[in-house]
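Student: Sharing a sequence plus its predicted fold:
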Amino acid sequence: MQSLSEIRTALREETLTLPVLAERYLQQIEATRHLNCYVEVYEQEVRVRAAELQEKFQRDPATVGKLFGMVVSVKDVLSQRDHRLSAGSRMLEGFEAVFTATALERLLAEDALIIGRTNCDEFAMGSTNETSWFGPVRNAADPERIPGGSSGGAAVSVQAGTCLAAIGSDTGGSVRQPAAFCGLIGLKPTYGRISRHGLIAYASSFDQIGIISKNIPDAAVLLEVMSGADPHDATCSVLPAPAADPLPAIAGRLRFAVFRAALEHPGLDPHIR
């Protein structure tokens, strides 16, 4: 299933349960270990939470959150209380977060499932995902190629079908570039739209928590949930969070800008040109 809408329909029609969905993702993680996109999988935690959320849904479907059915991975730069956090570096080996990032609190409050933390360039300082202490991440389309970075593990986790969407971070392209390398949607929201509380900083005046997904509606609902003012982040916008309304159909002809300096660059792969 390629979207939250499809998953929620299957859950409502009882052709799927959340524990079964979680198990499918866990099996896919095991089948794609060679890609090295995860540094830790929350296997038992996911099973327990999936069962609890399924019971909540069966008691009263109206009580579940907007993200019931959404299974996400989280880049190894975001704090989650009592979970290890290393930013892809040996320097933080064994460190456990003492609080949860605001963005993750909001995901969990809307009944998302966090399946694990993903590999990244050390301290998010890279664009190939080859500098992690945990080793390089491989592109699922071709393991001999890079996935981009620094959120390469996040991008590959979605590309390889181990989760529905991923939460990463973007300072100068760290969500957008790997999303492009892996054929996915990558969104760096406007600075201050999502609280940075709980995000390991790279360049605080540029950092932003971002989203990698298979489609725009899923990215939109994740943005809606994570957005909003936060007393722990003075740079966070106080403007209302945008609603993830259905996108209108595009009518008529479209116009595209062509960046010739990139498309005609001598270093561009001929296949891409």
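Tutor: Ah, there it is. Numbering: from 1, shown residues only.

Student: Please state the offset of the helix or strand of the chain with the lowest mean pLDDT from the chain centre?
Tutor: One helix or strand of the chain scores below all others by mean pLDDT, DSSP states H and E: helix 260-263, with a mean of 87. Chain-centre distance of helix 260-263: 29 Å, with C-alpha atoms, centre = their mean, to the nearest Å.

Student: what sits up against it?
Tutor: 268, 273 (C-beta atoms under 8 Å, 6 or more residues apart in numbering). Where you see a C-beta, it was placed from the backbone N, CA and C, and this is true even at glycine.

Student: so who does residue 138 touch?
Tutor: 34, 35, 36, 37, 144, 145, 147, 156 are the contacts of residue 138 under C-beta under 8 Å, 6+ apart.

Student: Quick check on the residues you listed: which are buried?
Tutor: Neighbour-count burial (16 or more other C-beta atoms under 10 Å) applied to the contacts of residue 138 gives 35, 36, 37, 147, 156.

Student: Serialize those residues to JSON lines and add fields for distance to residue 84 and pLDDT.
Tutor: Conversion of these to JSON lines gives the following (distance: C-beta to C-beta, whole Å; pLDDT from 0 to 100):
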{"residue": "35", "distance to residue 84": "20", "pLDDT": "99"}
{"residue": "36", "distance to residue 84": "17", "pLDDT": "99"}
{"residue": "37", "distance to residue 84": "16", "pLDDT": "99"}
{"residue": "147", "distance to residue 84": "22", "pLDDT": "98"}
{"residue": "156", "distance to residue 84": "20", "pLDDT": "99"}
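
Student: Compute the first-to-last residue distance for stretch 64-81.
Tutor: One end of stretch 64-81 to the other measures 23 Å (C-alpha to C-alpha, to the nearest Å).

Student: Relative to the whole chain's centre, how far out is that stretch?
Tutor: In this view, stretch 64-81 has its centroid 8 Å away from the chain centroid, taken as C-alpha atoms, centre = their mean.

Student: where's the residue lying closest to residue 230 once chain neighbours are set aside relative to residue 271, distance?
Tutor: Once flanking residues are discounted, residue 230 sits nearest to residue 195: 3.6 Å by C-beta to C-beta, 6 or more residues apart in numbering. Distance of residue 195 to residue 271, computed by C-beta to C-beta, to the nearest Å: 41 Å.

Student: Next: residue 151.
Tutor: Residue 151 is 24 Å from residue 271, by C-beta to C-beta.

Student: Comparing the two, which shows the higher neighbour count?
Tutor: residue 151 (36 against 5; other C-beta atoms under 10 Å).

Student: I'd like the distance between the closest residue to the more buried one other than its chain neighbours and residue 266.
Tutor: Closest residue in space to residue 151, ignoring its immediate chain neighbours: residue 168 at 3.2 Å, by C-beta to C-beta, 6+ apart. Using C-beta to C-beta, we find residue 168 at a distance of 31 Å from residue 266.

Student: if we can go back for a sec, now, the contacts of residue 138 that are in helices?
Tutor: Within these, residues falling in helices by DSSP state H are residue 156.

Student: Quick check: the farthest pair among the contacts of residue 138?
Tutor: Greatest spatial distance in the contacts of residue 138: 37 and 144, 15.6 Å, computed using C-beta to C-beta.

Student: Give the partner strands of the helix or strand hosting the residue nearest to residue 151 in its sheet and their orientations.
Tutor: Secondary structure from DSSP states H and E places residue 168 in strand 165-170. Looking at strand 165-170 with DSSP bridges, its partner strands are strand 71-75 (parallel), strand 208-213 (antiparallel).

Student: CA atoms only for that strand - export them in CSV, please.
Tutor: Taking C-alpha atoms only, strand 165-170 is exported to CSV below (Å, rounded to 0.1, in the frame of the first residue of the first chain):
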residue,chain,number,x,y,z
ALA,A,165,7.1,7.9,5.4
ALA,A,166,10.3,9.2,7.1
ILE,A,167,11.1,12.2,9.3
GLY,A,168,14.5,13.7,8.5
SER,A,169,16.3,17.0,8.8
ASP,A,170,17.4,19.5,6.2
